[in-house]
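1. Mind looking at a prediction? Sequence and model below.
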Amino acid sequence: MAKRTINLGGKQFSAEDIPFEAERESWNVYVLHDGTTLKIKTVLAEVLRVEGAWAPNGDPLYVVNASPVVSSNSPDSLKKKAEQ
């Protein structure tokens with residue numbers, strides 16, 4: 001596993017790339033009061049375990065690189081009419 005230096009709170013830490021597989025990437029679905037449905041999920045791109053740093057409960061500290069994916073479906077009354 002590859003190691004590199006990262007900056008956390010102005011301090012330099014060694015961090016190790018941790019390989020992973022997506023077990024499940026579920027959508028969270030929200031219905032807005034205007035009738036729009038939003039679907040949101042987070043897609044993980046990278047995980048780093050920080051050496052020499054732990055969470056308050058004693059777990060290792062991880063830094064993640066992730067991207068939100070958002071899909072929306074609004075009622076026709078909110079959509080802009082196509083220009084002709």
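-> The structure has been received and is ready for your questions.
2. And the helices in the chain, which stretches?
-> Taking DSSP state H to define them, one finds no helices in the chain.
3. in it, which spans are strands?
-> Assigned strands in the chain, in chain order: 3-8, 11-17, 28-31, 37-54, 60-73 (criterion: DSSP state E).
4. Who are the packing partners of the last one?
-> Yep, that's strand 60-73 we're talking about. Strand 60-73 makes packing contacts with strand 37-54 when contacts are defined by 3 or more Cβ pairs under 8 Å, 6 or more residues apart in numbering; DSSP states H and E. No exception for glycine: its C-beta is placed from N, CA and C like everyone else's.
5. what angle separates the strand it packs on from strand 3-8?
-> 100 degrees (axes from the mean of the first three to the mean of the last three Cα atoms, to 10 degrees).
6. one step back: would TSV of the strands of the chain with distance to residue 84, mean neighbour count and mean pLDDT be doable?
-> Shown next, in TSV, are these (distance: least, Cβ to Cβ, whole Å; neighbours: other Cβ atoms under 10 Å; pLDDT from 0 to 100):
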stretch	distance to residue 84	mean neighbour count	mean pLDDT
strand 3-8	53	10	93
strand 11-17	53	14	95
strand 28-31	32	10	98
strand 37-54	28	14	96
strand 60-73	24	11	97
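7. Let me have those strands in a markdown table, extended by distance to residue 80.
-> A markdown table is the format used below for the strands of the chain (distance: least, Cβ to Cβ, whole Å):
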| stretch | distance to residue 80 |
| --- | --- |
| strand 3-8 | 43 |
| strand 11-17 | 44 |
| strand 28-31 | 21 |
| strand 37-54 | 18 |
| strand 60-73 | 13 |
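8. right, so of those, which gets closest to residue 79?
-> strand 60-73 (10.1 Å; Cβ to Cβ).
9. Measure how the closest one sits relative to strand 37-54, angle-wise.
-> 170 degrees.
10. Quick check: residue 62 touching residue 50?
-> Yes - here residue 62 lies in contact with residue 50, judged by Cβ atoms under 8 Å, at a distance of 7.1 Å.
11. Please name the bridge partners of residue 37.
-> Beta-bridge partners recorded for residue 37 (DSSP bridges): residue 31, residue 73.
12. residue contacts, it?
-> Applying Cβ atoms under 8 Å, 6 or more residues apart in numbering to residue 37 gives the contacts 29-31, 72-73.
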